[in-house]
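Okay, structure incoming, though there's no sequence with it:
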């Protein structure tokens, strides 16, 4: 499995999709200039733009690398030669997932260093009245990476049930968009303002809330930007949710992949 992880990492570094997406990281150079247009909240705007750019780049990496990893192997007939070795299908799939997830962690670390440099520069040139909580910013980036590793697991699940490029990529995007608002929808349908909604709509919203991944739980940007405190209990619950949900997705994907016909 470690060999598959290593091969996956090498393949990602050579992938044109990765190279094109990483060009987007050059936008970090523009953040201090854009943030300086805000006369009173330069540091806060630098934080917002930096964290948003990291989230956007990681999302692109998760969707396109996670959604095309297995698909490219099938298209190139690489899967058949690898599975001819003494390696189970489950180990192969988890190795591909592990390599992609590890790359997202490495990318988030590099992008995090760039964000720290940009915010440090902005805060030095335009000192802020509100102190920057660097530890909270670091935790925010870590949980952002966990969110997109969860999204990669979703992409791999779609990849095991489809032979085309479209379902893994667009299905992952749709799941990401839906999973980002499930918390707000759930809170709305259980509030007094939802009295006019039909009971069936409320029930469907509740079912989707428990089925779809709650990506909003990993978003800590507000805490990082305004220095709001984080609770250890909340972070542990989110981390446990990540482990359980990724485990379930990979388990289902492994079962489907093990029974899939190879053509």
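Okay, I see it. This structure is a prediction, so every number in the text was calculated from the model and none was measured. Numbers count the residues shown, from 1 in each chain.

for the strand or helix carrying residue 160, packing partners?
According to DSSP states H and E, residue 160 maps onto helix 134-161. If contacts are counted by 3 or more C-beta pairs under 8 Å, 6 or more residues apart in numbering; DSSP states H and E, helix 134-161 sits against helix 42-75, helix 89-125, helix 166-179, helix 221-226, helix 232-258. The C-beta positions use only the backbone N, C-alpha and C, and glycine is treated the same way.

Single out the most deeply packed of those helices.
Across those, averaging neighbours per residue (mean count of other C-beta atoms under 10 Å) puts helix 42-75 on top, at a mean of 21.

which residues touch residue 104?
Listed by C-beta atoms under 8 Å, 6 or more residues apart in numbering, the contact set of residue 104 reads 58, 61, 62, 65, 145, 148, 149, 152.

picking that back up, can you redo the helices and strands packed on helix 134-161 as TSV with mean pLDDT and distance to residue 191?
Converted to TSV, the helices and strands packed on helix 134-161 look like this (pLDDT from 0 to 100; distance: least, C-beta to C-beta, whole Å):
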stretch	mean pLDDT	distance to residue 191
helix 42-75	84	28
helix 89-125	87	35
helix 166-179	89	20
helix 221-226	88	21
helix 232-258	92	21
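
In JSON lines: those, plus distance to residue 2.
Formatted as JSON lines, those follow (distance: least, C-beta to C-beta, whole Å):
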{"stretch": "helix 42-75", "distance to residue 2": "17"}
{"stretch": "helix 89-125", "distance to residue 2": "8"}
{"stretch": "helix 166-179", "distance to residue 2": "25"}
{"stretch": "helix 221-226", "distance to residue 2": "34"}
{"stretch": "helix 232-258", "distance to residue 2": "17"}
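
Can you tell me which of those helices is nearest to residue 141?
Of all these, it is helix 89-125 that lies closest to residue 141, at 4.4 Å by C-beta to C-beta.
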